[in-house]
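K.L.:
can't give you the sequence, but here's the structure:
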């Protein structure tokens, strides 16, 4: 049984007097230990899809199943990291990691200990008492990752986690995320990432799910059969084939959407 | 101390041939016009409700969109004409059915006030635009101007107003022009900031790339101003002008009618009429009707002009501007006192001012150079004022100031400060908690907001100074005089302080970044925990700025809220009305009585009567003062042409404590010339002193020990300018110290961790 199953999810947002359709009958599933990437043009509703899975938004129709059970509210087993990090600016790095533990009523000492260990894991030892204001973008995202892992979730959702970072920092953090994914000692093993960077998606994911321009529908899926770690395959023919495949599907759906809007 | 002849100030008097004569400074309200008040507030409420409900606004937009340009204009024109008709009808109604000797001057008063505000607005716009552009484009000018304007803003307007007035009066030898000019200056000081800061904000908000490309195309000097700066400041200017306009209306009441050291200065206008309705005519119904009328005029003019301008002006802006449309809050009402407008110059997308950002702009850290310049400016300003005042006030006068009343109470000053701070503190805590609850609810729940905003609108549109007596009557009936006043005072402070907090909290809550909200939701913050862990920390800068504004306005209000005259006079004529039951040539003996006085030693008065109806024969002394020993009595001279006898005075010659209690102090004999109704009244010059030379107030009043009532006593009762300046200095010092030691530090700390959300 897949860990996550998205079934016919449809979502519209009210826009002034009319409605705008963001997602249309989106269905896919994610297996245990799988790394899935959602790609699509901006505004296609991939971030909304992620928020529906996280329980931050409600689907108009359709459902999300987590281990076969309907998933509609925020769940400690499913967590998320944000594009703009979502750190609480009035809390230090350590206190930010403590936040989810605090909500779940953990004792101060235990949660400080756990938070410290996760900060160490993401390489932020010595920055525990620094406020987000004084951290670089990459460091902020590291805090975001540590915070997400602190509750030992099963599923990690990532909403364009590297798109507001410079390429070098993004590269390092991609490796960090992949390490976490592969680490058997961590219970977090099912990853869903949203990206509009096809190379990034192909590099990281087992499977790339491609969405059409708004309203977002699933228009294709590409399995990436490159062995891991993939650092060595970055110049490989197979890698480029997968990238081309994804780009082709994207372009086709975009073209179709253009024709459609011209007819309309 | 011995007192022989009492010196009295002179000045233009408000016409006051009504009532028992003695006019107390505030309303002596005997009958609250309860039912009328309720009906009127419902009407007012409905008007706001209908005009401002978001639903209606949406409907308006829909209507506007679906109409062609022609019918659109047509409809608008109809609205204007109907509005004008309604106003005219209201005027006619008021002028026909209200019995007041001045009611026929209402259109003239309206005209004068409109003219005054328009002139001031013109000056404010000219000043705001020129100095705003200067301050935002020229670094040197900014370094000098901004601290200077900050400085001017920190002093409570109502505080330095008497000083300005006295200066003008002495410059123009008491002509009406002096009062007119000081009224305009007061209005200007309340209107100019909104425009100035609006312009500065807008010019600074021009994106760098626009500036650079304009430079690239070689736009310079006037052309640069014409094509880049002017288009950028138009929306800010329109919103600033609207706010300034509303502010001006509020301050009008304070600016058109000023009382200082027992003398009343006033200029014809709606504001002075409103003030007279309470203070002179004691007519609650009239004051409420005038309030409603003024609100209606403001709403009509807003609808006619600014609202229309705003629609056009916001179209092509760089960043969203604080949009003053009908669905906003508090834009059509008479926006409350002491300029919230100063803070509303930064726009945002949801029609709410980002007041906290504006506040931090003001409280930004100065560079050392700016600090030095601010200090030099402050010093030169102070020395300039000293230079102006010193030739008029000699060293002797300063000594006299410190040796005459109420300087004897200076020893109590620390406890007065503590008590007043206590009142402000309690009011602040209550406003903070209520504003937090209401603000967060209003920002996050649309249904609550729909109910709450109209209430908010009316709440902040009611001029607080006019509300004071009504509130006091209601509370003193239940709790008794002093306790009633204590509660009234705190409620007044709350009503005054809460809006800034509320406004800031709502706007900040609405601006909480969505990622922060999502993080809160994702990690399971719910209910109260979400409020304390996510919402409140996130809006903390706004709370701090709101607090600063609240305390600032609180200090202004405290001057008015610790002292409350309650109707009855301590000196009065009996009978005060000679009616038709007296036939011609009949003799009438009018008794001059005192009631509940303590230690009366000397008194003086002057009596006005209708010379065509009565003839004054003589005045003799009553038994009250004589009961303590020998007195020196003067019966004054009779002026039969203008109907005046005085000064009548009497002084107890025996040493001792004077006389306490109630009794008759004089008898005045009149002969009726023809049978008619007319009133006899005591003039402004009525004064009573006790054996220490302290003034015995002519009307009974409750007074709370505190800085506010002390200031009141010093300025309004004794006219002790030296002491008044000292007290204002103390208040300014407390305000600035609190700002420097508490608020600035807090804000700096809070902002550091909120810089990037």
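P.N.:
Structure's in. What do you need? Just so it is clear, the structure is predicted and the values come from calculations on it, not from any experiment.

K.L.:
how about stretch A:216-223: buried residues?
P.N.:
Neighbour-count burial for stretch A:216-223 flags A:216-220, A:222 (criterion: 16 or more other CB atoms under 10 Å in any protein chain shown). In short, each C-beta sits where N, CA and C put it, glycine included.

K.L.:
Reformat the residues you listed as JSON lines; add distance to residue B:724, secondary structure and pLDDT.
P.N.:
Formatted as JSON lines, the buried residues of stretch A:216-223 follow (distance: CB to CB, whole Å; DSSP: H, G, I helix; E, B strand; the rest coil; pLDDT from 0 to 100):
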{"residue": "A:216", "distance to residue B:724": "71", "secondary structure": "strand", "pLDDT": "89"}
{"residue": "A:217", "distance to residue B:724": "76", "secondary structure": "coil", "pLDDT": "91"}
{"residue": "A:218", "distance to residue B:724": "78", "secondary structure": "strand", "pLDDT": "93"}
{"residue": "A:219", "distance to residue B:724": "79", "secondary structure": "strand", "pLDDT": "93"}
{"residue": "A:220", "distance to residue B:724": "82", "secondary structure": "strand", "pLDDT": "92"}
{"residue": "A:222", "distance to residue B:724": "83", "secondary structure": "strand", "pLDDT": "93"}
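
K.L.:
Among the residues you listed, which one lies nearest to residue B:603?
P.N.:
residue A:216 (89.1 Å; CB to CB).

K.L.:
What is the longest strand belonging to chain B packed up against?
P.N.:
In chain B, with assignment by DSSP state E, the single longest strand is strand B:587-608. If contacts are counted by 3 or more CB pairs under 8 Å, 6 or more residues apart in numbering or on different chains; DSSP states H and E, strand B:587-608 sits against strand B:571-574, strand B:614-621, helix B:623-626, strand B:644-652, strand B:659-672, strand B:681-682, strand B:687-690, strand B:695-696.

K.L.:
quick one: contacts for the residue of the stretch 151-264 of chain A found nearest chain B?
P.N.:
Nearest residue of the stretch 151-264 of chain A to chain B: residue A:151, at 7.9 Å (CB to the nearest CB). Contacts for residue A:151 (CB atoms under 8 Å, 6 or more residues apart in numbering or on different chains) come out as A:76, A:79, A:100-101, A:104, B:523.

K.L.:
and the longest helix for chain A?
P.N.:
helix A:237-263 (DSSP state H).

K.L.:
quick check, distance from that helix to the centre of its chain.
P.N.:
22 Å (CA atoms, centre = their mean, to the nearest Å).

K.L.:
buried ones in it?
P.N.:
Quick answer for helix A:237-263 (16+ other CB under 10 Å): A:239, A:242-243, A:245-247, A:249-250, A:253-254, A:257.

K.L.:
for stretch A:185-200, same thing?
P.N.:
Within stretch A:185-200, the residues that count as buried by 16+ other CB under 10 Å are A:186, A:188-196, A:198, A:200.

K.L.:
need the residues of the stretch 51-200 of chain A near chain B, please.
P.N.:
A:51, A:54-56, A:74, A:76, A:79-80, A:82-91, A:99-100, A:103-104, A:131-133, A:151 (CB under 8 Å from any CB of the partner chain).

K.L.:
Can you flag the buried ones in those?
P.N.:
A:51, A:54-56, A:74, A:79-80, A:82-91, A:99-100, A:103, A:131-133, A:151.

K.L.:
Okay, and which of these map to strands?
P.N.:
When those are checked against strands (DSSP E), the matches are A:79-80.

K.L.:
Any idea how far apart the tips of stretch B:199-212 sit?
P.N.:
Terminal residues of stretch B:199-212 lie 20 Å apart, using CA to CA, to the nearest Å.

K.L.:
For it, give the mean pLDDT please.
P.N.:
For stretch B:199-212, the mean pLDDT works out to 76.

K.L.:
Going by neighbour count, which residues in that stretch are buried?
P.N.:
For stretch B:199-212, by 16+ other CB under 10 Å, it's B:199-203, B:205-206.

K.L.:
With respect to chain A, which of those is nearest?
P.N.:
For these, the nearest to chain A is residue B:205 (22.6 Å; CB to the nearest CB).

K.L.:
picking that back up, restrict the buried residues of helix A:237-263 to those near chain B?
P.N.:
By CB under 8 Å from any CB, no member of the buried residues of helix A:237-263 lies near chain B.

K.L.:
got JSON lines for these, with pLDDT too?
P.N.:
JSON lines is the format used below for those (pLDDT from 0 to 100):
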{"residue": "A:239", "pLDDT": "90"}
{"residue": "A:242", "pLDDT": "92"}
{"residue": "A:243", "pLDDT": "93"}
{"residue": "A:245", "pLDDT": "94"}
{"residue": "A:246", "pLDDT": "94"}
{"residue": "A:247", "pLDDT": "94"}
{"residue": "A:249", "pLDDT": "94"}
{"residue": "A:250", "pLDDT": "92"}
{"residue": "A:253", "pLDDT": "91"}
{"residue": "A:254", "pLDDT": "89"}
{"residue": "A:257", "pLDDT": "87"}
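
K.L.:
Many thanks, have a good one.
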